[in-house]
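In: sequence below, structure please.
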Amino acid sequence: MSGLAPDLLAGRRILVTGGGTGLGRAMGERFLELGAGLAICGRRAEVLEEAAAELGARHGTRVVTAACDLRDPAAVEAMLDAVGPLDVLVNNAAANFLARTHLLSARALDAVLGTTLHGAAYATIGCGRRWIEQRRGGVVLSVLTLSALQGGAFTAPSAMAKAGLLAMTRSLAVEWGRHGIRLVAIAPGSFPTEAATARLRADPDGDPARGVPLGRTGTQRELADLAAFLVSDLAAYITGECVVVDGGRRLLGGARAGAEEMLGWGEAEWARQRARTPAR
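Out: Residues are numbered from 1 along each chain as shown. Presented below is the predicted three-dimensional model:
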């Protein structure tokens, strides 16, 4: 049971980037349950349409979709124009995979930074400019990772990108506060999804709760409820903050489960990891 009122987000229009799958979809569905209007964007139109149809049928409403490559600033601007006025932006879309940093190509580095950092910045600045010009407030919620706070071995580009989003959150909270715009962030610990298990687990068959003091992984509903709270008026006096939701894992230094083992991996182990990582 959730203590959130069923009309908590009534009348709000929310855009979730990467909203067709995983945690983005879970947050979007919770927003719908709490009365919000929802738009989702991502690169794969067919995934967005499938998610929109299922969510719309389940909740008796229309979910707006917009196929968009967030790495393209012109495409982001066109997408924001297409989805119309917003009250909330959720920066959820991200790219990430396990790799030895010294072997990364410029293309691989840009694939992560382009979506995770640049795309979120384009969307945030685009929304902020519109809100300021229209003299209306808004909220930006960015989904980070524990690596944004303490680094992430073998996922350095993601750690760099997420740390940049944290700096953006803190910087714009000050700069845009007088315009009634809030910026907040969440740093989740272990919230398993199919994509994350394939790309980011050194041992996909191991216990994902290893190293978590509470002894379990988080549920998508727990993350979605936190997101809903932060973008609602219940959190109207919170800005520039990042909420860690990890079952205490960070307190044990666990930015990346399995990093200790990966330090000793040879070519055979890395080859196996590449084979089970879906093509980007």
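
In: name the SS class of Leu223, please.
Out: Using DSSP: H, G, I helix; E, B strand; the rest coil, the three-state assignment for Leu223 comes out as helix.

In: list the residues that contact it.
Out: If you count contacts by Cβ atoms under 8 Å, 6 or more residues apart in numbering, Leu223 has them with Leu23, Ala26, Met27, Ile186, Pro188, Phe191, Val245. For glycine as for every other residue, the C-beta is placed from the backbone atoms N, C-alpha and C.

In: distance from the chain centre to the helix or strand harbouring the fourth one, please.
Out: Meaning Ile186. Counting by DSSP states H and E, the element that carries Ile186 is strand 181-188. Between the mean C-alpha point of strand 181-188 and the mean C-alpha point of its chain there is a distance of 10 Å (Cα atoms, centre = their mean, to the nearest Å).

In: now, which of the contacts of Leu223 lie within helices?
Out: Leu23, Ala26, Met27 (DSSP state H).

In: wait, isn't the last one in contact with Glu222?
Out: No. Applying Cβ atoms under 8 Å, one finds Met27 not in contact with Glu222, separated by 11.2 Å.

In: the longest helix belonging to the chain vs strand 181-188, what angle?
Out: Across the chain, the helix with the greatest residue count (assigned by DSSP H) is helix 156-175. Here helix 156-175 runs at an angle of 150 degrees relative to strand 181-188 (axes from the mean of the first three to the mean of the last three Cα atoms, to 10 degrees).

In: what's the mean pLDDT across helix 156-175?
Out: For helix 156-175, mean pLDDT rounds to 98.

In: list the contacts of Gly119.
Out: When the contact criterion is Cβ under 8 Å, 6+ apart, the partners of Gly119 are Thr17, Leu70, Arg71, Val76, Ala93.

In: out of those residues, which are inside helices?
Out: For these, secondary structure assignment (DSSP H) places Val76 in helices.

In: rewinding a little: just name the closest of the ones in helices among the contacts of Leu223 to Ala159, please.
Out: Among the ones in helices among the contacts of Leu223, Leu23 lies closest to Ala159 (Cβ to Cβ), at 18.1 Å.

In: sec struct for the nearest residue to Ala82 once chain neighbours are set aside, please.
Out: Nearest residue to Ala82, sequence neighbours excluded (Cβ to Cβ, 6 or more residues apart in numbering): Ala66, at 5.5 Å. Per three-state DSSP, the local secondary structure of Ala66 is strand.

In: do the same with Leu8
Out: Classification of Leu8 using three-state DSSP returns coil.

In: tell me, how many residues neighbour it?
Out: Look at Leu8: counted by other Cβ atoms under 10 Å, it has 20 neighbours.

In: hmm, it is touching Glu33, no?
Out: No. In this structure, Leu8 is not within contact of Glu33 by Cβ under 8 Å, at 9.3 Å.

In: beta partners of Val64?
Out: Judged by DSSP bridges, the bridge partners of Val64 are Ala39.

In: wait, it touches Ile40, no?
Out: Yes. Counting by Cβ under 8 Å, Val64 touches Ile40, with 7.4 Å between them.

In: those two - which one has more neighbours?
Out: Between Val64 and Ile40, Ile40 has the larger neighbour count (other Cβ under 10 Å), namely 29 against 17.

In: per-residue confidence at the more buried one?
Out: We have a pLDDT of 98 for Ile40.

In: how far away is Gly138 from Leu89?
Out: As for Gly138, its distance to Leu89 is 7 Å (criterion: Cβ to Cβ, to the nearest Å).

In: between the two, what contacts are shared?
Out: Cys127.

In: ok so, going back, chain center to the longest helix of the chain, what's the gap?
Out: Offset of helix 156-175 from its chain centre (Cα atoms, centre = their mean): 13 Å.

In: that one packs against which elements?
Out: For helix 156-175, the packing partners by 3 or more Cβ pairs under 8 Å, 6 or more residues apart in numbering; DSSP states H and E come out as helix 106-113, helix 120-133, strand 138-143, helix 147-150, strand 181-188.
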